[in-house]
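In: Pasting the sequence and the predicted model now:
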Amino acid sequence: MASNDESTIEARLAEQEYFRPPTKFVGQANVSDPAVYDRFAEFPAGFEEYADLLDWDAHWDELLDDSNPPFYEWFVGGELNASYNCVDRHLDDGKNRTALRWEGEDGEQRNLSYQDLYREVNAMAAALRDVGVDEGDVVTIHLPMVPALPITMLACARLGAPHSVVFAGFSANALAERVDSADSEYVVTIDGYYRRGDFLPHIEKADEALREAAGDPQVLAWTRHEEPHDSVAVSDDYTMVADLLDEHAGERVAPVSRDAEDPLFLMYTSGTTGQPKGCQHRTGGYLAYAAGTSKYVLDIKPEDTYWCSADIGWITGHSYIVYGPLALGTTSVMYEGTPDHPHRSRMWEIAERYDVDVFHTSPTAVRMFMKWGAEHLEGYDFDFRHLTTVGEPIQPEAWLWYYEHVGGEDAVIVDTWWQTETGGHLITNLPALDDMKPGSAGRPAPGIEPAILDDEGEPVDPESGEAGNLVITRPWPGMLQTVYGDDERFIEEYWERFSDTDSDDPDDWIYEAGDGAVQGPDGYYRVLGRLDDVMNVAGHRLGTMELESAVSEVEAVAEAAVAAREDSEKGEVPDVYVVLRTGVEESESVREDIVTAIEEEIGKFARPNEVAFVGDLPKTRSGKIMRRLLEDISNDAELGDTTTLRDPSVPEQIREQVGAD
Ligand code: WT7
């Protein structure tokens, strides 16, 4: 939750100098002709260029149907299969090319050629069909970074069964909630996986989720090794994927022709209110947009080795490990574990081993590498031509470090702004065309029309240097279709604020991103962060509401509020402010209960930085908690306006209590 007051913005906005893309990069880039921007200025016709990267079973009749905004339809009448596009179609000229190079944390390595991937995806599709999965059924996938994950996703896509991948770090409760919310009758999991040298008994989360879920899904269990790990008990109720695969080895499953508008997957993400919402992505528009931006922005070529260190359990991994790169037929690296296991050079060792050309990571990771020190990169022979960041704003200092130490000053750095909802990059430079500016995401991607509006919905003058609400004024093929099962929430969360919701003129519909942004005099966008009650912890999106409701489940808690504290490594971390029930003493054990509640409801990655016991929370006269004031306290900032508070002395009291903590 970025603060938009002028002093903060100025501090972040000192104009940066430009860096030119190296000539040797420009010479080989997929896009080096600025005419691309003119082609995409033809709206919506420009986007045809992305759809033409795919193989269609039936060509579309209409590029965009915008007669019922915001329910836009893309490539209407077109038919295609995503699994066919990511696998089968590469067999003719590249069946022996490597699709996935997987590295286990324990050092195990697996290379899957496109032919291997084809075989495995077909067998898994046959297995899923065998247990009853049909076109249109939602399959929940709770898998870590092992080949089983993309194989299962592509097998679902082959059958036309939308997948809903739940990040492996999410807890059993979070899994149960997503299974129920999507009415999913199938859960795919694994016995366990490696994390910092330990074998995590991942399957226990499915065991517990099944006890909690209202539904009674069938569970399919992969195993990390050939046999289930000794330390883990796999329930007799589960179907072992290995048995099914044996049974169906060698089988071929015809890819189901899907309507361009049929959903390809759901991806749950945090919002400002209520429970996480299932962003529903369509098959045609999404795949076209993921493939197009992978080619134009990430500059991926079939002969490249590409490595995105994100987790496939988030949208970045969906678009830019699985669907985009595989649609282009490239070699994608996947790593199971953490960057510091067994040593802090692990990433560079992998980059050297596979000779990675294009590397994609998060600002959080860059800050961590920077903190560990450049000496951990020394002696490793890697040579990147293209480096990407995504997920949060990157500070110029971290950008420069990435440029110098990872890029050797001769790679391009591409800062890509987008969201789970947008399917692919929306604001980013095209690396051969636009000069780089540390800390700025840069220009709108081809065909994308963002704007910055003030709170009244009036455009902010780009010359003014003032920040405002980042919005997108025209639809694009990668955009979410709706919130699964809840069209109203879709409108409320993304459109209502700046649109005329009574109008059926698409010009009256404006997509609200929820981010604050400012435009430089050169037109480059700098995204400052969330303006709503959503925070960004190490590039992971968390709703304050979800955290607060987890905390409120602890008996001792009367009331709780969560605020984002700025953190030099993770970007933001949650601080929890708690008022205890009368008669309850503050204690280490209550504090632990609160931390545990968050870990159990959401996951360990959401652990709060601090739990502060306070006498009262800052509230308006109508009883609304003013989280912004708590943020000021967490960040040692000057307190914002307290005049609307019922008791204006509360923030100072809290500050004293916290200070004395
Ligand atoms: C939020 C979306 C998109 C994949 C990963 C996160 C923030 C994302 C940037 C960037 C500044 C960024 C925004 C956005 N964000 N990329 N390059 N610069 N902020 O997806 O979990 O849906 O989160 O991440 O706040 O709204 P997500």
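Out: Here it is on my side, so go on. Residues are numbered from 1 along each chain as shown.
In: Most proximal residue of the stretch 301-450 of the chain with respect to the ligand?
Out: Thr420 (3.3 Å; Cβ to the nearest ligand atom). (Each C-beta comes from the backbone N, C-alpha and C, glycine too.)
In: so how far is Asp410 from that residue?
Out: Distance, Thr420 to Asp410, using Cβ to Cβ, to the nearest Å: 33 Å.
In: who has more neighbours, the two?
Out: The residue with more neighbours, out of Thr420 and Asp410, is Thr420; 19 against 14, by other Cβ atoms under 10 Å.
In: returning to that earlier point: next, give phi and psi for the residue of the stretch 301-450 of the chain closest to the ligand.
Out: phi -50, psi -40 (degrees, to the nearest 10).
In: show me the contacts for the nearest residue to Asp65 once chain neighbours are set aside.
Out: Spatial nearest neighbour of Asp65, chain neighbours left out: Glu73 (4.2 Å); criterion: Cβ to Cβ, 6 or more residues apart in numbering. Each residue near Glu73 by Cβ atoms under 8 Å, 6 or more residues apart in numbering is listed here: Glu62, Leu64, Asp65, Ala260, Glu261.
In: The second one sits in which helix or strand?
Out: Translated: Leu64. strand 62-65 (DSSP states H and E).
In: Touching, Gly192 and Asp230? I think so.
Out: No - using Cβ atoms under 8 Å, Gly192 is not in contact with Asp230; the gap is 10.5 Å.
In: More neighbours: these two, which one.
Out: Gly192 (22 against 8).
In: From Gln109, how far out is that one?
Out: 19 Å.
In: Gln419 now?
Out: For Gln419, the distance to Gln109 - Cβ to Cβ - is 34 Å.
In: Count the neighbours of His202 for me.
Out: Applying other Cβ under 10 Å, I find that His202 has 22 neighbouring residues.
In: Touching, it and Tyr194? I think so.
Out: No - in this structure His202 lies outside contact range of Tyr194 using Cβ under 8 Å: 10.4 Å.
In: What parts of the chain come near the ligand?
Out: Residues of the chain found near the ligand (Cβ under 6 Å from any ligand atom) are 269, 315-316, 390-393, 415-420, 441, 513-515, 527, 529-530, 536, 541.
In: circling back to that earlier point, which of the contacts of Glu73 count as buried?
Out: Leu64, Ala260, Glu261 (16 or more other Cβ atoms under 10 Å).
In: Tell me the spatial nearest neighbour of the first one, not counting adjacent residues.
Out: With sequence-adjacent residues excluded and distances taken as Cβ to Cβ, 6+ apart, Leu64 is closest to Pro44, at 4.3 Å.
In: For the closest residue to the ligand within the stretch 551-661 of the chain, list the residues it contacts.
Out: The nearest approach of the stretch 551-661 of the chain to the ligand comes at Gly571, 8.9 Å away (Cβ to the nearest ligand atom). Gly571 makes contacts with Pro363, Thr364, Glu392, Pro393, Asn536, Val537, Ala538, Gly539, as judged by Cβ under 8 Å, 6+ apart.
In: would you list every one of the strands in the stretch 201-350 of the chain?
Out: 218-222, 239-240, 258-259, 263-269, 277-282, 305-308, 331-335 (DSSP state E, counting those that start in this stretch).
In: No further questions, thank you.
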